[in-house]
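In: Please find the sequence and the predicted model below.
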Amino acid sequence: MDGGDVLLEEEDDDEIPTLIPVVSELGESRSVPVTIITGYLGAGKTTLLNYILSENHGKRIAVIMNEFGEGESDMEKSMTVSTGEQDSALFEEWLELRNGCLCCSIKDNAVRAIELLMEKQGKFDYILLETTGLADPGPIANLFWLDDELASNIFVDGILTVIDSKHFISQVEEKKADIDINEAVRQVALADIILLNKTDLITETEKSGILSQICAINSAAIVISTVNSRVDLDKILDLNAYGCDSSHSYLQQNLSLKQQSERVLTAAGNHLDKTVSTVRVDLPGTLNTLEFDQFLQLLLWESQISSPTGATMEVLRLKGVICESDCEHTTILQGVYETYDKRSSNIPIPKEPHSSIVFIGRNLDQQVLESSVQRCIIPS
């Protein structure tokens, strides 16, 4: 949904907007998907959430809205896993809205808030978690993999990054002495879906340049242009970007962007941080499960795989559909930083096995990664 009337001031989260009643029947109890929403301050995250909280969309959504400052200490405090200690207090304000949504203004410990949300399961179908403008969404996504109690009730549906079209170029060009990867670059690299917001404030030429920059960093993400953060919710919910649905719909969609990405990457020669990029490996054959796991551990855990220049490869995001030797069905591969997960799908391995893997990260080299995966293929 591109355009439309301006209903809310950008980043105005002082008031909940006028709400539209909606009638929605509750379905069967199921695991609840979590969408992590990230982006710089002013990009349009709060506008998006206010739109979701007030729109007559017929969906029951719980929103955890960030109310922290932009300092690292606040960010770390807000995203630590609950220890169960009594002094680890959670201060929250619940608002049950007339359109069926729930809004939680959270003051401490996001994971604990979601655990409380799960006590209300059946009252909502989705959870949206807003992060601070400087937050790294990777460790937040990892929380849901590492907490077994949460895993059975909720799952990460995807990471959504909101971009301010007017200021994106200056944000990705910003250099800081204390970090290796700019926050804006990292947020794009980890995104499964990107809202290119405020496109009414830029020219088509500027937009083309921004798209080139985005694709140079993360050519696997789906990009949607928006004005005032207005978007069809069906395009950003139920991605199952970290799961294994029956059709591989999301993965197949962004794994099929290879030719488009190559064309855009050719035009992206002015991307400043050339150390962050996307590499796709497509290989026929069946992977030896043990050898492939050893490769992933060397790459992700031990940082033992380097580019031809000697620079250590750092993987920010990993995704793929692979065929392994000990599985009758194709396997969905997902990873964020050093954490990775493999889950069997319900699609049988084809007569001609084939694996497609996307690596997004720093200092990546196509030939090194391709040859490393090739060595895991069982000889025919």
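Out: Yes, it's here.
In: longest helix of this protein?
Out: Identified as the longest helix of the chain according to DSSP state H is helix 204-217.
In: can you map out the helices along the protein?
Out: Along the chain, counting by DSSP H, helices occupy 45-54, 72-78, 110-118, 137-146, 148-151, 168-173, 183-189, 204-217, 249-255, 258-266, 289-296, 366-374.
In: Just the pLDDT for R343.
Out: Per-residue confidence (pLDDT) for R343: 86.
In: And it, how far from E174?
Out: Distance of R343 to E174, computed by Cβ to Cβ, to the nearest Å: 37 Å. (Each C-beta comes from the backbone N, C-alpha and C, glycine too.)
In: what's the least confident stretch among the helices of the chain?
Out: Among the helices of the chain, helix 72-78 carries the lowest mean pLDDT (a mean of 34).
In: quick one on the thing from earlier: output the contacting helices and strands for the longest helix of the chain.
Out: helix 168-173, helix 183-189, strand 193-197, strand 222-225, helix 258-266, strand 276-284 (3 or more Cβ pairs under 8 Å, 6 or more residues apart in numbering; DSSP states H and E).
In: Figure out which of the ones you listed is closest to V368.
Out: Counting by Cβ to Cβ, V368 lies closest to strand 276-284 out of the helices and strands packed on helix 204-217; the figure is 9.2 Å.
In: which other helices and strands contact the closest one?
Out: If you count contacts as 3+ Cβ pairs under 8 Å, 6+ apart, strand 276-284 packs onto helix 204-217, helix 258-266, strand 354-362, helix 366-374.
In: Those: which one's closest to D238?
Out: The nearest among the helices and strands packed on strand 276-284, by Cβ to Cβ, is strand 354-362 at 20.5 Å.
In: could you give the angle of the closest one to helix 204-217?
Out: Strand 354-362 and helix 204-217 are oriented at 110 degrees to each other (axes from the mean of the first three to the mean of the last three Cα atoms, to 10 degrees).
In: Which residue, neighbours along the chain excluded, lies closest to C323?
Out: Spatial nearest neighbour of C323, chain neighbours left out: P353 (3.8 Å); criterion: Cβ to Cβ, 6 or more residues apart in numbering.
In: Tell me how many other residues surround that neighbour.
Out: Here the count is done by other Cβ atoms under 10 Å, and P353 has 19 residues near it.
In: My read is that it contacts L283, right?
Out: No. Contact criterion Cβ atoms under 8 Å: P353 and L283 do not qualify, at 9.4 Å.
In: re earlier: turn the helices and strands packed on helix 204-217 into a markdown table, including mean neighbour count.
Out: Output for these, formatted as a markdown table (neighbours: other Cβ atoms under 10 Å):
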| stretch | mean neighbour count |
| --- | --- |
| helix 168-173 | 18 |
| helix 183-189 | 26 |
| strand 193-197 | 25 |
| strand 222-225 | 18 |
| helix 258-266 | 14 |
| strand 276-284 | 19 |
